[in-house]
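>>> Fold the stuff below for me.
(2 chains)
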Amino acid sequence: MLIIVCPYCGKRPEIEFSYGGQAHLVRPAQPATLDDQAWAEFLYMRSNTKGVYAERWRHAHGCGRFFNALRDTTSDHFLATYKVGEPRPQPAAFAEAAGPPAGTLP
Amino acid sequence: MSTQKFSALALLTRALRRHQSWQPQWRKAQPKPAYDAVIVGGGGHGLGAAYYLAKQHGITNIAVLEKGWVGGGNTGRNTTIIRSNYLFNESAALYDHSVKLWESLSQVLNYNVMFSPRGVMVLAHTVHDIQVAKRHVHANRCNGIDNEWLEPEQAKEFCPPLNIGANIRYPVLGAALQRRGGTARHDAVAWGYARAADALGVDIIENCEVTGIRRDAAGAVEALDTTRGLIRTPKVGVSAAGHTSVVMGFAGVKLPLESFPLQALVSEPVKPVFPCVVMSNTIHAYISQSDKGELVIGAGTDAYTSYTQRGALHVNTHTLDAICELFPAFRRMRMLRNWGGIVDVTPDRSPIIAKTPVKGLYVNCGWGTGGFKATPGAAHVFAWTIARDEAHPINAPFTIERFRDGYLIDEAAAAAVAH
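Numbers count the residues shown, from 1 in each chain, chains lettered A, B, ... in the order given. Below is the predicted model:
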């Protein structure tokens, strides 16, 4: 089980959270103006990244709030978690924060 | 090597020679500079497609590229359940095409794939389950697919270890039974197709990972970059399961896929105790017994996308809770091994077997948690699509464009079971 750092509550076990899929997808402001291809892109197409992936989680059995996370999908290690509305952290921001990865048990 | 036909007589004569004369079942092929077609992915689906391309379409200058070893991905990691009791006409046609091919596959390939139509029983635990299961029974029978409703006592008669008592959290209120469903030996399917394809001249190249797809000035597929060099080919069929997004990304094709870990586990082997396959969507359990005697148990997908081929223990625990309640006799069984595979899931939980926007590039993906059962059928229509550059009538609805056009085949909402 993963240990996830909620930006509001701190380290908690994975079963307290629900998964929200790819982060930073913006719903088109005027859906009626889109053609079918563009709407399908928004609804269905996902990057499905193998590597560092920005994704949404919700602390469903805790504070109830959504937040974003950067996780390496080849190792399941969390590189960073951050609040909704904050920009995606750049690699330099978490590269120096060495020590045990957030996703591993001590 | 193609002369090494398996039979009782061959077994006997080779036994008399102390089994010293058996040959490898397929060549260790080296990649050639060019092929007429290349299949990416050496699982059951990819090897099967190569076999049908060679056997039925006369295209024998083919390579199957496998980044690991043959059958080492989801083909070797699933719970081997075979059934075709899907709700929608499109799915029913596709999966039943596959079941029909399973029925004669051992004879066709001269390889015992141990197809065992022992019956697949889907349990109902709520009023909603009963309604959904009966709807499936009726829809299946309209499509000529066997599926029948069983009352709890009949379910118990078909599967004696089943607990139909009223005092469990989710009592068994009935079941839908497909008698033609069952299991097969997963490795044998990959090996049987590999051997049969090799005998027709197909090169099976293991430890060869695709690292790029080259396209000509018109945008058509021209060659593949691999860890074993450049391979030229005008046609590429991608059958890469959980890594489909990665491979298709080399050609700039984006697909509606997400890759999740899916886990399974087996118990210590015991004598025959379990006569059929039982699945329950509501409390999430799949169970059957292999011919080795292990109970084969399928757990669910993890919540998050991942490429790690492992998942969390609480997912397995959840399934074992359900197994222990349905089959109290198994409470003291010890689990021997557990593992994960990476499954590519589409939004409507139906596969994509189609041409892509890139000329010469074809894809067979999106099988989610239930691709094993479809191995022969999917391979057969995928080979057709590659050879003729057009879909077989059976896979014609399973396009990428259905997501744009709204023609979803929504087994996600319709399934009586996770699949």
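
>>> Now do stretch B:395-408, average pLDDT.
Stretch B:395-408 shows a mean pLDDT of 97.

>>> With only the CA atoms kept, save it in PDB.
Output of stretch B:395-408 as PDB, limited to C-alpha atoms (Å, rounded to 0.1, in the frame of the first residue of the first chain):
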ATOM      1  CA  ASN B 395     -14.200  -6.100 -35.500                       C
ATOM      2  CA  ALA B 396     -15.700  -3.400 -37.600                       C
ATOM      3  CA  PRO B 397     -17.400  -1.700 -34.600                       C
ATOM      4  CA  PHE B 398     -14.300  -1.800 -32.500                       C
ATOM      5  CA  THR B 399     -12.700   1.300 -33.900                       C
ATOM      6  CA  ILE B 400     -10.800   4.300 -32.300                       C
ATOM      7  CA  GLU B 401     -13.300   6.600 -34.000                       C
ATOM      8  CA  ARG B 402     -16.300   5.200 -32.000                       C
ATOM      9  CA  PHE B 403     -15.200   7.500 -29.100                       C
ATOM     10  CA  ARG B 404     -15.500  10.500 -31.400                       C
ATOM     11  CA  ASP B 405     -18.700   9.400 -33.000                       C
ATOM     12  CA  GLY B 406     -20.500   8.200 -29.900                       C
ATOM     13  CA  TYR B 407     -20.800   4.600 -30.900                       C
ATOM     14  CA  LEU B 408     -19.600   3.200 -27.600                       C
END
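
>>> Give the buried residues for it.
Of the residues in stretch B:395-408, B:N395, B:P397, B:F398, B:T399, B:I400, B:R402, B:F403, B:R404, B:L408 count as buried by neighbour count, 16 or more other CB atoms under 10 Å in any protein chain shown. All C-beta atoms are positioned from the backbone trio N, CA, C, and that covers glycine.

>>> Can you convert the residues you listed into TSV and add a column each for distance to B:L150 and secondary structure?
TSV is the format used below for the buried residues of stretch B:395-408 (distance: CB to CB, whole Å; DSSP: H, G, I helix; E, B strand; the rest coil):
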residue	distance to B:L150	secondary structure
B:N395	32	coil
B:P397	31	coil
B:F398	31	coil
B:T399	37	coil
B:I400	39	coil
B:R402	34	helix
B:F403	37	helix
B:R404	41	helix
B:L408	31	coil
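
>>> What is the most widely separated pair among those?
B:N395 and B:R404 (17.6 Å; CB to CB).

>>> which stretches of the chain aren't confidently modelled?
In the absence of a named chain, this looks at chain A. The model of chain A has pLDDT under 70 over residues A:92-106.

>>> was after chain B, sorry
Applying pLDDT under 70 to chain B flags the ranges B:1-3, B:413-419.

>>> Show me what from it comes close to chain A.
Residues of chain B lying close to chain A by CB under 8 Å from any CB of the partner chain are B:243, B:245-246, B:254-259, B:303-308, B:312-314, B:344, B:347, B:403-406.

>>> What about the residues you listed, which are in helices?
If you go by DSSP state H, these have B:S245, B:V246, B:L313, B:H314, B:F403, B:R404, B:D405 in helices.

>>> Need the max-distance pair from these.
Farthest apart among those by CB to CB are B:L313 and B:D405. That separation is 41.6 Å.

>>> got the contact list for residue 44?
Let's take chain A. Contacts for A:Y44 were tallied using CB atoms under 8 Å, 6 or more residues apart in numbering or on different chains; they are B:P256, B:P347, B:F403.

>>> hm, I was asking about chain B
If you count contacts by CB under 8 Å, 6+ apart, B:G44 has them with B:G71, B:T75, B:H186, B:V189, B:A190, B:Y193, B:F372, B:T375, B:A379.

>>> got the contact list for the fourth one?
Translated: B:V189. Taking CB under 8 Å, 6+ apart as the test, what B:V189 contacts is B:G44, B:G48, B:G71, B:T75, B:L105, B:V113, B:F372, B:T375.

>>> which one is the fifth one nearest to, not counting chain neighbours?
Closest residue in space to B:L105, ignoring its immediate chain neighbours: B:V113 at 5.2 Å, by CB to CB, 6 or more residues apart in numbering or on different chains.

>>> That neighbour - how many residues pack around it?
Number of residues near B:V113 (other CB atoms under 10 Å in any protein chain shown) recorded here: 24.

>>> what about it, which helix or strand?
Using DSSP states H and E, B:V113 sits within no helix or strand.

>>> for it, what are its contacts?
B:W102, B:L105, B:S106, B:A184, B:R185, B:A188, B:V189, B:G192.

>>> between the residues you listed, which is closest to chain A?
The closest of the contacts of B:V113 to chain A turns out to be B:V189 (CB to the nearest CB; 26.6 Å).

>>> that's a helix at that closest one, yeah?
Yes: secondary structure of B:V189 (DSSP: H, G, I helix; E, B strand; the rest coil): part of a helix.

>>> which of the residues of chain B next to chain A count as buried?
B:243, B:245-246, B:254-259, B:303-307, B:312, B:344, B:347, B:403-404.

>>> Which residue ranges of the chain form helices?
Since no chain was named, I'll use chain A. Taking DSSP H to define them, one finds helices in chain A at A:36-44, A:91-95.

>>> I was thinking of chain B, sorry if that wasn't clear
With DSSP H as the criterion, chain B has helices spanning B:8-16, B:44-57, B:89-109, B:127-142, B:152-158, B:186-199, B:244-249, B:313-326, B:375-388, B:402-405, B:411-414.
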